[in-house]
Every structure is written in structure tokens, then in C-alpha cells.
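predicted coordinates and the sequence they were generated for:
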Amino acid sequence: MRPPRAASFQSRKKNMQNISAEIQAIKRQLGDKLCIMGHHYQNDAVVQHCDITGDSLELARRVPQIDADFIVFCGVYFMGESAALLAKPGQSVYLPSLDADCLMSQMTPAPLARKVLEQLHAAGRKIIPLAYVNTDLALKAVVGEYGGAVCTSANAGVMLQWAMKQGDGVLFLPDRHLGNNTATALGIPPQDRHVLRIGSKGLVEPETQALDRKLLLWPGCCAIHARFDPDDVREMRAAYPGCRVIAHPECREEVIAVCDGAGSTSFLIKDAARVAAEAPGSTLIVGTENNLVHRLADRFEGQCRIIPLGHAICGNMAKVTEKKLWNILTEIVSQKATPLEIEAQLCPPARLSLTRMLEACGL
């Protein structure tokens, strides 16, 4: 006979409580030798154990300041690579889930990006690549070789202005929506931009493309944020009259155009705190990954109502679970854990692309 559903739930709950307690015990055992980092899009069960949480910029900024021997990074693969790149000699970086990848980063394979840059330079232009941090190590290395840098959603404006001064044009990759929204915020008109048409062998019919534009955009996007539609915003305004709507700049331009504000995850968090303090009882609609939105809703419950713009869960971020975090920590204690290894030959140019960002932003 199947056991009652309630009993099964209680059993799972007790098991998770045990795992949580064991993680805390390991943290006490390792003490200052361990630092657990986590992105804002991680679920609450994981975030509760993190020593440092933040968006991509904050986490990259904090890595060089960490003295722990073991850095466990709760996020997708490229974030772990960046941490390993910025870590000190002797430090080891671990990922709870090695299969937590990023669809956007997969849209810019390094060999293809190199081919496109070669084609653009062959046409006589000095194009500076500016890569969103949501890219793998190999792509960051290509960007570093070509005099470029990486950026995050928090500093995309600063870094695009920096890149514009380094050459006579910029290739922003991979997220065309972040590139377009950043350009709009900086006053770069649409006629100065062009979304490249790219095939498996590089530029498609380059003679028919506007390659002389100041800003060239790689045709990639975040599958999570790109699913939002302007109608989602209109429906929320109809359902919650007087509400404020904010969204992440990885959303499409036409979505951002009908929002009241847009910015990085750090911006969204700060704006939620501001609304809760200045407009108690109001409603805030937030267009980004739902784990962050639900966390904000819990944090400011009773002060303001915070609602997701729509369903948006990153399946790759969700691959990092509390149980997987416990697994990697137990392996570290038993000295069976395998640290993240990155290709040595890619490190110097890739590190250059990251340090250029940190230096340009005064970090």
C-alpha cells in the first residue's frame, strides 16, 4: 500500500533539514578555509548557505579578495571559470553541478567569434569585442586577444563607452538585447547599430550587411529574459493599476520601452528596497529570473507586493541544488573533490579581458 502523501512529504522535509544541518557542520569544520559564493538566481535552499551572494559583477569583484583555500561557486559553468581565472595561486574552485551551463554562452562558440573578428578586421576596421560575462573561457580569451574586455549588465554602459574609445567600432556579444538596451541608454541611435547575420562559417553575405556601423551586435540572447513580451507588461498594468514595472536589460527592447525602469539584478534589488520604503502598500512587477523575484517578495512582505512579470526559471541555475552542494562539500572534506580545471593557454588573454573590466570600472 502506498504511504500517505503527507508522510512522504514529511520524510523529504526531514531529509533536507538533515542535509542543511550537515552543510552547516562542514562550514564550521572548514572555517576560514571555505568560501561559498552564489548568484542571485540560485534558489533559497542554496543561497542560505552562501557566504557571498551577488550578480556577476559583484561576484567577480569579490573573488580576488577571498583568502579561503576552497571556493565553492553556486552558479553556472562560466561563472566558475571566471572565479578560477581570478583566484589566487593555491586556491581551488569547485562547482556543485558541472552540467549547469548557459544557453546564451553556447550561442558564441570561440572559433566562430574569431572568424567573424578576422572578417571584420580584414575589411579594414579596428573592431573592439565587448563580451557579456555570460560567455565561456575560450571566448573571453579571443576577446582578450583582440584588445577587448568583458562586461556585466551592471556596467555595460561604462564598458561600451570604454570600448568605443579603443577602436572605430565595437562588436557586442552575445546578447543583442543587452547591447541594444545599453546603446539606447547611452543615446546611440538605431541607425548606428547592426545585428550581424552569422552562419556556421562566419558572416553571411557580408557585402549586404551594414558592417560600417559603430555598434555591431552578435545575434544571441538569454532564452529566459527573451520570453517576456510587451503584452505581459500591459496585462500586469491592467491587473494591478498603478503598479511599477521594472525588468532586466536582457529583455527585448520593446519590453524595456514599456517598463518604468531597467537594470542589473543589483538594480532590481535596490529598487525593490526603495519601493518598499517609499511606497508602502504598492505593487512592484519584476521581469527577471523568478528565484530572485520570490526572494524579494518574501523579504519585503507586508511592506509592498512584489510579483514576477511572468514565469522565468533558469533550468541551468536550477541544476545547483542543496544536495549537490552538500555532495561537493563532503568530497572536499574527504579530499576526493576535483577542482575546476581551466586551459592554461587560455588564461592570460581571458584574464586580460576580465582585468580590463575591473580596471575600467575602478574595481
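Thanks, I have the structure now. Residues are numbered from 1 along each chain as shown.

partners of the helix or strand where Leu171 lies, with directions?
Element membership for Leu171 (DSSP states H and E) is strand 169-173. When pairing is defined by DSSP bridges, strand 169-173 lines up against strand 127-132 (parallel), strand 215-217 (parallel).

ok, residues contacting the last one?
By that I understand strand 215-217. By Cβ atoms under 8 Å, 6 or more residues apart in numbering, the list of residues contacting strand 215-217 from outside reads 120, 127, 160, 169-173, 176, 179-180, 183, 188, 192-196. Every residue, glycine included, has its C-beta placed from N, CA and C.

so which bits of the helix or strand following that strand are buried?
On the C-terminal side of strand 215-217, the closest following helix or strand by DSSP H and E is helix 230-239. Buried residues in helix 230-239, counted by 16 or more other Cβ atoms under 10 Å: Pro230, Asp232, Val233, Met236, Arg237.

mind checking how far helix 230-239 is from the chain centre?
Between the centre of helix 230-239 and the centre of its chain there are 26 Å (Cα atoms, centre = their mean, to the nearest Å).

now it - C-alpha only, PDB.
Extracted in PDB, the C-alpha atoms of helix 230-239 (Å, rounded to 0.1, in the frame of the first residue of the first chain):
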ATOM      1  CA  PRO A 230       5.200  43.800 -24.100                       C
ATOM      2  CA  ASP A 231       1.700  42.400 -23.600                       C
ATOM      3  CA  ASP A 232       2.900  40.800 -20.300                       C
ATOM      4  CA  VAL A 233       3.600  44.300 -19.100                       C
ATOM      5  CA  ARG A 234       0.300  45.700 -20.300                       C
ATOM      6  CA  GLU A 235      -1.600  42.800 -18.700                       C
ATOM      7  CA  MET A 236       0.100  43.400 -15.400                       C
ATOM      8  CA  ARG A 237      -0.700  47.100 -15.500                       C
ATOM      9  CA  ALA A 238      -4.400  46.200 -16.200                       C
ATOM     10  CA  ALA A 239      -4.400  43.700 -13.300                       C
END
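
for the remainder of this discussion, apply numbering that starts at 778.
Done: numbering now begins at 778, and the last item shifts to helix 1007-1016.

following that helix, which helix or strand shows up next?
Using DSSP H and E, the helix or strand that follows helix 1007-1016 in sequence is strand 1021-1024.

in JSON lines, list the strands paired with strand 946-950 along with mean pLDDT.
JSON lines is the format used below for these (pLDDT from 0 to 100):
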{"stretch": "strand 904-909", "mean pLDDT": "96"}
{"stretch": "strand 992-994", "mean pLDDT": "98"}
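
Lys1100: which of those strands is closest?
strand 904-909 (30.4 Å; Cβ to Cβ).

helices and strands around the following helix or strand past the closest one, which ones?
For strand 904-909, the succeeding helix or strand toward the C-terminus, using DSSP H and E, is helix 914-922. Where contact means 3 or more Cβ pairs under 8 Å, 6 or more residues apart in numbering; DSSP states H and E, helix 914-922 is packed against helix 854-863, helix 887-899, strand 904-909, strand 926-928, helix 1124-1137.

roughly how far does the residue lying closest to Val1063 once chain neighbours are set aside sit from Gly1087?
Leaving aside its sequence neighbours, Val1063 sits nearest to Val1070 (Cβ to Cβ, 6 or more residues apart in numbering; 4.7 Å). Note on Val1070: its distance to Gly1087, by Cβ to Cβ, to the nearest Å, is 10 Å.

so between the two, which is more surrounded?
Val1070 (21 against 15; other Cβ atoms under 10 Å).

circling back: now render the buried residues of helix 1007-1016 as a markdown table, adding pLDDT.
Shown next, in a markdown table, are the buried residues of helix 1007-1016 (pLDDT from 0 to 100):
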| residue | pLDDT |
| --- | --- |
| Pro1007 | 97 |
| Asp1009 | 97 |
| Val1010 | 98 |
| Met1013 | 98 |
| Arg1014 | 98 |
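
distance to Ala908 added to those, as a markdown table?
Below are these laid out as a markdown table (distance: Cβ to Cβ, whole Å):
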| residue | distance to Ala908 |
| --- | --- |
| Pro1007 | 28 |
| Asp1009 | 29 |
| Val1010 | 29 |
| Met1013 | 33 |
| Arg1014 | 35 |
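
which of these lies closest to Asp989?
Distances from Asp989 to the buried residues of helix 1007-1016, taken by Cβ to Cβ, are shortest for Pro1007, at 31.0 Å.
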